[in-house]
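Q: Okay, here's the prediction I keep looking at, along with the sequence it came from:
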Amino acid sequence: MMATRVLITDDHPIVREGLSKILGTEPDMVVVGEAASGLEALSLLSRCRPNVVLVDISMPGMSGIELIGWIHAEAPQLPVLVLSMHKEEQFAVRALKLGAAGYLTKDCAPEQLAQAIRKVVAGGKYITTEVADALAAAVVPTHMAIPHELLSNREFQVFRMLASGQSVNEVAQALTLSPNTVSTHKSRLMRKLGVVNNAGLVRYAISHDLTQ
């Protein structure tokens with residue numbers, strides 16, 4: 001029986017090392033690559049030929065959200081399992097809508113991670129009770145939609161980067177966009193969130209547990 005080939009994508013070396021050690025104890029799994037960013041993960045896909053990609057949400061440059069969307073569009077047969085520090089209800093729905101096969105938080109037990117990998121590689125979805133609740137809430141029509149759920153994926157990414165203290169120029173450089181484009185995203189997302197300045201963006205991010 002062939003071992004499941006795992007590609008780990010996380011910008012923290014200690015997390016990658018820990019995950020490699022955990023998965024190295026599983027007889028049916030082998031870590032074939034480690035990436036510190038979304039772009040690095042893309043460059044490793046053809047070389048490492050993984051059966052599953054573990055993805056963190058918050059990474060420099062190409063975010064985990066963008067990476068999920070790219071993989072789903074270009075390699076829809078390759079399952080992506082999100083392993084994030086963020087609570088399920090904050091990012092799970094967005095990630096699953098983009099094509100992620102499952103969502104776990106980093107405080108999960110090693111046994112749960114291994115179980116989730118086996119399930120998504122077999123073609124299933126790994127959804128915790130919290131994720132199921134978040135999905136149910138997302139599909140129920142409501143007039144009380146949370147403002148940040150109305151943001152596009154790019155607006156959401158720009159919002160989180162600005163709220164973390166990065167300037168428009170810094171965001172533009174990181175995302176390979178023009179400052180004018182970032183400023184346009186900023187104006188739109190501030191209008192949707194109902195804030196008028198950077199301090200308002202920071203307060204909103206903190207109050208909704210959306211800080212990087």
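A: Looks like it arrived, so ask away.

Q: Surely residue 164 touches residue 211?
A: Yes: contact criterion Cβ atoms under 8 Å: residue 164 and residue 211 qualify, at 6.5 Å. For every residue, glycine as well, the C-beta is placed using N, CA and C.

Q: so what sits against both of the two?
A: Residues touching both residue 164 and residue 211 by Cβ atoms under 8 Å, 6 or more residues apart in numbering: residue 205.

Q: ok, the nearest residue to residue 42 once chain neighbours are set aside to residue 184 distance?
A: Of all residues not flanking residue 42 in the chain, residue 70 sits nearest, at 6.8 Å (Cβ to Cβ, 6 or more residues apart in numbering). Residue 70 is 23 Å from residue 184, where distance means Cβ to Cβ, to the nearest Å.

Q: so is the residue most central in space within the chain in a helix, a strand, or just coil?
A: In the chain, the centroid-proximal residue (Cα atoms, centre = their mean) is residue 57; its distance is 2.7 Å. Secondary structure assignment for residue 57 (DSSP: H, G, I helix; E, B strand; the rest coil): coil.

Q: pLDDT-wise, which helix or strand of this structure ranks last?
A: For the chain, the helix or strand with the lowest mean confidence is helix 129-139, at a mean of 70 (criterion: mean pLDDT, DSSP states H and E).

Q: Following element in sequence after that one, please.
A: Remark: after helix 129-139, the chain's next helix or strand is helix 153-163, criterion DSSP states H and E.

Q: which parts of that next one are buried?
A: 154, 155, 156, 157, 158, 159, 160, 161, 162, 163 (16 or more other Cβ atoms under 10 Å).
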